[in-house]
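S.K.: What follows is a protein structure lacking sequence information:
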């Protein structure tokens, strides 16, 4: 028996629900079932049981969603472009950035800082260190011009002044031992070498066939493809549908609703401000989008905290016999709508060596991100590679 038959038996006197109501219910259930639960290492609260629901429970969930929507059918919003009041900030931001001029330059520069907080031990002291690496990419407008990139290990050093004092008390060692915690990943307690200056530089110069961008999360797109994207939210939605249908992916195909949530990647790509505004309007209307409010990003910049898919988990890298809850979020520039930081893991509770609100790991765009006419050069001392950087 499918969910609609069960619904008919449950509500014998009711008219059949409209097609859009059923679609909305199924979309809500799909979003709930496929929300990425990002578990850091271990999960003391038994989240795994939620993924063992059988087909019967799924059917009941669909029926209950349809019943709820039918009972409020006159109040059901449009499925895409009817944001909750909390997402109005994205609509206001869209109105603001739609008026910005298009950017110019021969290269689109993407400098990413990848930072990770680690718990370590040395000389009888336990403290935190911050590991930072950097990747700079220069994507040329001319598809015949090779993509150029640099990759550096920036530093590995005590994270805070308190951590620095503990490190000094341990004798200022150059190598520390990562703390092993119950439930941690195998090999996660290896030795870590501290570095205060950039090292291990790699310089790459490679042509991408057809000028396809290295970022293929939305498909094999070129700068020309991005330049041709529509500045209307509904038209953009349909263009994304074509990408979804033709997407080449080694993973199981996601639903179009999930793919729409992934359209937040457009905010990380070199699209025109008017297209970025359309993307924000589209994202504001999705049930998975939630604006959390103002926040200061890991580099000290003012931003807007947004989650485009529910993403929470736990990490066992801190504490002694427990795990710490964390949430993952995206931080947007309140002036341009571009991404300041993504995959930002924030501690939502305190434990040994970790304070609530701490940034645990993240990818942050350096301030020099954007279009430039400055041609990159191979840095002195960098090892050359003819393979593109990630």
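M.R.: Yep, it's here. None of these values were measured; they are calculated from a predicted model.
S.K.: low-scoring stretches of the stretch 151-300 of the chain, by residue?
M.R.: Applying pLDDT under 70 to the stretch 151-300 of the chain flags the ranges 181-188, 249-252.
S.K.: swap that for the stretch 1-150 of the chain, please
M.R.: 1-85.
S.K.: hmm, try it at 80
M.R.: Low-confidence segments of the stretch 1-150 of the chain, defined by pLDDT under 80: 1-86.
S.K.: is it true that residue 385 touches residue 202?
M.R.: Yes: assessed by Cβ atoms under 8 Å, residue 385 is found in contact with residue 202 at 5.5 Å. C-betas here are computed from N, CA, C, even on glycine.
S.K.: neighbour count winner among those two?
M.R.: Just comparing residue 385 and residue 202: by other Cβ atoms under 10 Å the higher neighbour count belongs to residue 202, 17 against 14.
S.K.: For that one, which non-adjacent residue is spatially closest?
M.R.: Of all residues beyond its chain neighbours, the one nearest residue 202 is residue 151 (4.5 Å), with distances taken as Cβ to Cβ, 6 or more residues apart in numbering.
S.K.: Look up which residues are beta-bridged to the one you found.
M.R.: The partner list for residue 151 in beta bridges (DSSP bridges) reads residue 135, residue 202.
S.K.: Can you name the residues that contact it?
M.R.: The contact partners of residue 151, taken as Cβ atoms under 8 Å, 6 or more residues apart in numbering, are 133-136, 200-202, 204, 389.
S.K.: PyMOL command to pick out the buried ones of these?
M.R.: Typed into PyMOL, the line below selects the buried ones among those, using 16 or more other Cβ atoms under 10 Å:
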select buried, resi 133+134+135+136+201+202+204+389
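S.K.: Looking at the contacts of residue 151, spot the one nearest residue 142.
M.R.: Proximity of the contacts of residue 151 to residue 142 was ranked by Cβ to Cβ; the top entry is residue 204 with 17.6 Å.
S.K.: Pull the distance from the host helix or strand of that closest one to the chain's centre.
M.R.: Of the helices and strands defined by DSSP states H and E, residue 204 is found in strand 199-206. Relative to the mean C-alpha coordinate of its chain, strand 199-206 is positioned 25 Å out (Cα atoms, centre = their mean, to the nearest Å).
S.K.: which helices and strands does that strand pack with?
M.R.: Applying 3 or more Cβ pairs under 8 Å, 6 or more residues apart in numbering; DSSP states H and E, one finds that strand 199-206 contacts strand 147-158, strand 383-385.
S.K.: Skipping adjacent residues, who's closest to residue 324 in space?
M.R.: The shortest distance from residue 324 to any residue other than its chain neighbours is 4.6 Å, reached at residue 351 (Cβ to Cβ, 6+ apart).
S.K.: wouldn't that neighbour be in contact with residue 318 here?
M.R.: Yes: contact status for residue 351 versus residue 318: in contact at 5.3 Å, counting by Cβ under 8 Å.
S.K.: Of the two, which one has the most company?
M.R.: The residue with more neighbours, out of residue 351 and residue 318 and counting by other Cβ under 10 Å, is residue 318; that gives 25 against 16.
S.K.: Would you check how far apart that one and residue 286 are?
M.R.: 33 Å (Cβ to Cβ, to the nearest Å).
S.K.: No further queries at this time; thank you.
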